[in-house]
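# what's the 3D shape of this:
(one chain, ligands or ions: 1)
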Amino acid sequence: APVIWWIRRDLRLADNPALTAAVTSGAPVIPLYILDAQDNALGAAPKFRLGLGLEKLAETLSARGSRLIFRRGDAQEVLRQVIDETGAGSVVWSRLYDPEAIARDTAIKEDLKASGIAVKSHGGRLLFEPWTVETKAGGMFKVYTPFWKAVRDRQPADLLPEPGKLSAPVSWPVSDRVTDWQMGAAMRRGADIVRAHCNVGEQAALDRLDGFLEEAVARYKDRRDYPAEDATSNLSENLAWGEISPHRMWHLGQRAMAGSGKGAEHFLKEVVWREFAYHLMYHSPQILTENWRPEWDGFGWSSEITPDVEAWQRGQTGYDFVDAAMREMYVTGRMHNRSRMIVASFLTKHLMVHWKVGMDWFADCLVDWDPAANAMGWQWTAGSGPDAAPFFRIYNPEGQIDKFDADRRYIRRWIAEGQRTPPQSASSFFDAAPLSWGLSPDQMRARPLIDLKAGRERALEAYGQHRSAG
Ligand code: FAD
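Purely as a prediction, here's the structure:
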């Protein structure tokens, strides 16, 4: 009887424990993707990027004599239908860790098992399953550094090679065409603009990691904070969709450490920040929706989409670092980490807007959207999250230019106004924007939304009042 490989966020063949288990069982393998309510509700850019990844995986599978079957509907019902149609006797998948997916998967597992179907979920998305890392007292970690110390000397599972041939079932179940689903339909800007910046698929991810470890990793520690430089791996979009495994980054990174020392170690530390985010989301899923520190409840953040929030979303705050970053995200679906911290600080502190408003906008715009990393990043920057990130650390978006973009290369790359011959990247924002907002580069530059000093003082005062009231 065939085995169904239910594909979710593991769009890869190599180092995929669920797929390897399916292939080594010797049974015919039916790769199946289901567009269910959870995936249908993804933000515009993540959904678009998922579609691109699925198209690529379908190509890869058909080049190997297999197929990717696309169906839509309730995941449990679709799985039951495909089992009925094909006589499949088992289902495998790679685990997810957000509460909605856990609830869905647990229910499906129970239901199928009760019907005599063998069901097995596998790891592979994380280096260390969240329940295997514990403090000495036996609880979860709430601070990053002890978490890092607890895992840095562990050896994660070995890499699995791409499994051999996926044998085909006697007949294939019917399939939708993923292109008919219009996964990019909610992209208000032209999807093609974002697509040009995407690095889609397993092979592209492997090449990118190789290139990074050969060259940039040596300067990673020193240069990773400069957004104009190509000093980071840019692999978050591939990790988000499972086109590469964190294990590969870990093992190859370890090897690189022998050569380039500190750079590679710092890189592994960042990969472990992602692990930490998952650890937090697994053990305290309320991080996705509520202040992680309840003492922040009732703080005076606004949750309305005011014209100021819209100006922030559209890269029109009048502060160059913030505007460059917001435009970078609109055009590429990604944003440099330093910039993410600056725009998040500006929104939650200078503008006193709730971190959830920003988190939701990111969830609509990022091709590397990840529920755990996004929530942790926003709560950390806002000051309501775990680890030490005090509220009074307020980034000055002008001072940050002097520190991290002193030659203004990043700003020139993304802000067309004021340049006689702006680069293609800066102009492309206006190619994208008319579809949604009708902006044009000959408009007056936005006046600064808020005086930086006044904004900072207002935030600190609100913080002080909240603290003394609490
Ligand atoms: P590299 O510097 O090459 O790091 C390697 C990998 O380590 C990354 O691909 C990523 O998986 C992981 N990593 C690095 N930094 C972090 C971090 N601070 N937290 C968690 N994991 C990290 N990352 C996402 O993948 N998806 C998100 O939705 C997301 N939202 C964020 C929101 C905010 C407000 C902030 C401050 C950060 C957010 N991050 C998010 C984390 C970080 O900005 C990106 O992972 C990083 O910019 C990706 O670039 P890279 O692949 O070149 O990273």
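# Next up, the contacts around the spatially closest residue to Y410 that is not a sequence neighbour.
Nearest residue to Y410, sequence neighbours excluded (C-beta to C-beta, 6 or more residues apart in numbering): A228, at 4.0 Å. (Glycine included, C-beta is placed from N, CA and C.) By C-beta atoms under 8 Å, 6 or more residues apart in numbering, the contact set of A228 is 405, 407, 409-410, 413.
# Out of the residues you listed, which end up buried?
Buried by 16 or more other C-beta atoms under 10 Å: 405, 410, 413, out of the contacts of A228.
# now those residues as CSV including pLDDT?
What follows is the buried ones among the contacts of A228, written out as CSV (pLDDT from 0 to 100):
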residue, pLDDT
D405, 98
Y410, 98
R413, 98
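# Turn these into CSV, columns for secondary structure and distance to the ligand.
Listed next are the buried ones among the contacts of A228 as CSV, based on DSSP: H, G, I helix; E, B strand; the rest coil; distance: C-beta to the nearest ligand atom, whole Å:
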residue, secondary structure, distance to the ligand
D405, coil, 16
Y410, helix, 14
R413, helix, 16
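# Please name the residues that touch the residue nearest to T232 when sequence neighbours are not counted.
Nearest non-adjacent residue to T232, counting by C-beta to C-beta, 6+ apart: R224, 5.3 Å away. Counting by C-beta under 8 Å, 6+ apart, R224 touches 231-232, 266, 270, 337.
# Keep only these that also lie close to the ligand.
Of the residues in the contacts of R224, proximity to the ligand by C-beta under 6 Å from any ligand atom holds for 232, 270, 337.
# Counting neighbours, what do you get for the first one?
Other residues within reach of T232, judged by other C-beta atoms under 10 Å, total 21.
# got it, and I69?
Residues near I69, counting by other C-beta under 10 Å: 24.
# Just to check, Y226 is in contact with A406?
No. In this structure, Y226 is not within contact of A406 by C-beta atoms under 8 Å, at 9.2 Å.
# Could you check which of the two is surrounded by more residues?
More neighbours surround Y226 than the other of Y226 and A406, with 20 against 10 (other C-beta under 10 Å).
# in which helix or strand would I find that one?
Assigned by DSSP states H and E, Y226 belongs to no helix or strand.
# Look up how far the ligand lies from D308.
18 Å (C-beta to the nearest ligand atom, to the nearest Å).
# Repeat that for Q76.
For Q76 relative to the ligand (C-beta to the nearest ligand atom), the value is 28 Å.
# Leaving out the residues flanking it, which one is nearest to that residue?
Going by C-beta to C-beta, 6+ apart, Q76 has I108 as its nearest residue, at 4.9 Å.
# Report the buried residues of the helix or strand that contains that neighbour.
In this structure, I108 sits in helix 99-114 according to DSSP H and E. Neighbour-count burial for helix 99-114, counted by 16+ other C-beta under 10 Å, picks out 101, 104-105, 108-109, 112.
# So which of those is the closest to the ligand?
A101 (15.9 Å; C-beta to the nearest ligand atom).
# That closest one: what's it in contact with?
Taking C-beta under 8 Å, 6+ apart, we find A101 in contact with 8, 38.
# How about the residues of the stretch 101-250 of the chain by the ligand?
Applying C-beta under 6 Å from any ligand atom, one finds that the stretch 101-250 of the chain approaches the ligand through 224, 232-236, 239-240.
# Is stretch 316-327 in proximity to the ligand?
No. Shown here: stretch 316-327 not in contact with the ligand (C-beta under 6 Å from any ligand atom), separated by at least 10.6 Å.
# would you put the C-alpha positions of that stretch in CSV?
C-alpha atoms of stretch 316-327 as CSV (Å, rounded to 0.1, in the frame of the first residue of the first chain):
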residue,chain,number,x,y,z
GLN,A,316,6.8,57.7,4.0
THR,A,317,7.8,58.5,7.6
GLY,A,318,10.3,61.1,6.5
TYR,A,319,13.1,59.2,8.3
ASP,A,320,15.4,57.7,5.7
PHE,A,321,16.5,54.5,7.5
VAL,A,322,12.9,53.6,8.3
ASP,A,323,11.6,54.4,4.8
ALA,A,324,14.4,52.6,3.0
ALA,A,325,13.8,49.5,5.1
MET,A,326,10.0,49.5,4.6
ARG,A,327,10.5,49.9,0.9
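# That stretch: how far from the chain's middle?
22 Å (C-alpha atoms, centre = their mean, to the nearest Å).
# can you pull the buried residues of that stretch?
For stretch 316-327, by 16+ other C-beta under 10 Å, it's 316-317, 319-327.
# want to throw those residues into JSON lines with secondary structure and pLDDT?
Output for the buried residues of stretch 316-327, formatted as JSON lines (DSSP: H, G, I helix; E, B strand; the rest coil; pLDDT from 0 to 100):
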{"residue": "Q316", "secondary structure": "coil", "pLDDT": "94"}
{"residue": "T317", "secondary structure": "coil", "pLDDT": "96"}
{"residue": "Y319", "secondary structure": "coil", "pLDDT": "97"}
{"residue": "D320", "secondary structure": "helix", "pLDDT": "96"}
{"residue": "F321", "secondary structure": "helix", "pLDDT": "98"}
{"residue": "V322", "secondary structure": "helix", "pLDDT": "98"}
{"residue": "D323", "secondary structure": "helix", "pLDDT": "97"}
{"residue": "A324", "secondary structure": "helix", "pLDDT": "98"}
{"residue": "A325", "secondary structure": "helix", "pLDDT": "98"}
{"residue": "M326", "secondary structure": "helix", "pLDDT": "98"}
{"residue": "R327", "secondary structure": "helix", "pLDDT": "96"}
